[in-house]
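Colleague: predicted structure and sequence below. I'll ask about it afterward.
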Amino acid sequence: QVRLQESGPGLVKPSQMLSLTCTVSGGAITAPNYGWAWIRQPPGKGLEWMGGMAYDGSTRYSPSLESRTSISRDTCKNQFSLQLSAVTPEDSAVYYCARGYKDAYDYWGQGTQVTVSS
C-alpha cells in the first residue's frame with residue numbers, strides 16, 4: 001500500500017517561503033513510470049496543479065507559479081518537497097502531494113492546511 005503524508009508549518013507569514021515535505025511509504029519515488037506532484041485547493045476553489053517531479057528527478061511547474069516554485073527530493077528518505085516563495089494570502093490552501101501514474105493521480109496524501117497571514 002502506497003502512502004503519502006504531507007508535513008510542514010500550518011501558518012506562514014506574507015512574503016516568506018512556504019516549505020512542505022511529502023513522505024512516501026510503500027513505493028520508491030525513484031520507481032520508473034511514476035511521477036510525484038504537489039496540488040493545492042484554495043478555499044472555495046478547485047484543485048490547482050502546482051508542479052511535479054518524475055522518477056528521474058526531472059521537474060515541471062505550472063506556468064503561473066513557476067517563478068516562485070521549486071520541487072526537490074531526498075531519495076534516501078523517500079521524500080519530495082515543495083518550496084513556494086514570496087507567499088501572499090492568496091496562497092492559503094489545502095496542499096496535497098500525490099503520485100501520478102498513466103495520466104492520473106492514484107494515491108494522495110490527506111492534505112495539509114496552510115494559511116498565509118501575519
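Modeller: Perfect, thanks for sending it.
Colleague: distance of residue 51 from residue 67?
Modeller: Applying Cβ to Cβ, to the nearest Å, the value for residue 51 to residue 67 is 12 Å. For every residue, glycine as well, the C-beta is placed using N, CA and C.
Colleague: out of the two, which sits in the busier spot?
Modeller: residue 51 (19 against 9; other Cβ atoms under 10 Å).
Colleague: show me what contacts residue 10?
Modeller: 112, 113, 114, 115 (Cβ atoms under 8 Å, 6 or more residues apart in numbering).
Colleague: put the alpha carbons of the helix or strand where residue 38 lies into PDB.
Modeller: Per DSSP states H and E: residue 38 is located in strand 35-41. Provided in PDB are the C-alpha atoms of strand 35-41 (Å, rounded to 0.1, in the frame of the first residue of the first chain):
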ATOM      1  CA  GLY A  35       5.600  10.900 -11.000                       C
ATOM      2  CA  TRP A  36       5.100  12.900  -7.900                       C
ATOM      3  CA  ALA A  37       3.100  16.100  -7.700                       C
ATOM      4  CA  TRP A  38       2.000  19.000  -5.500                       C
ATOM      5  CA  ILE A  39      -1.600  20.100  -5.900                       C
ATOM      6  CA  ARG A  40      -3.500  22.700  -3.800                       C
ATOM      7  CA  GLN A  41      -7.000  23.700  -3.300                       C
END
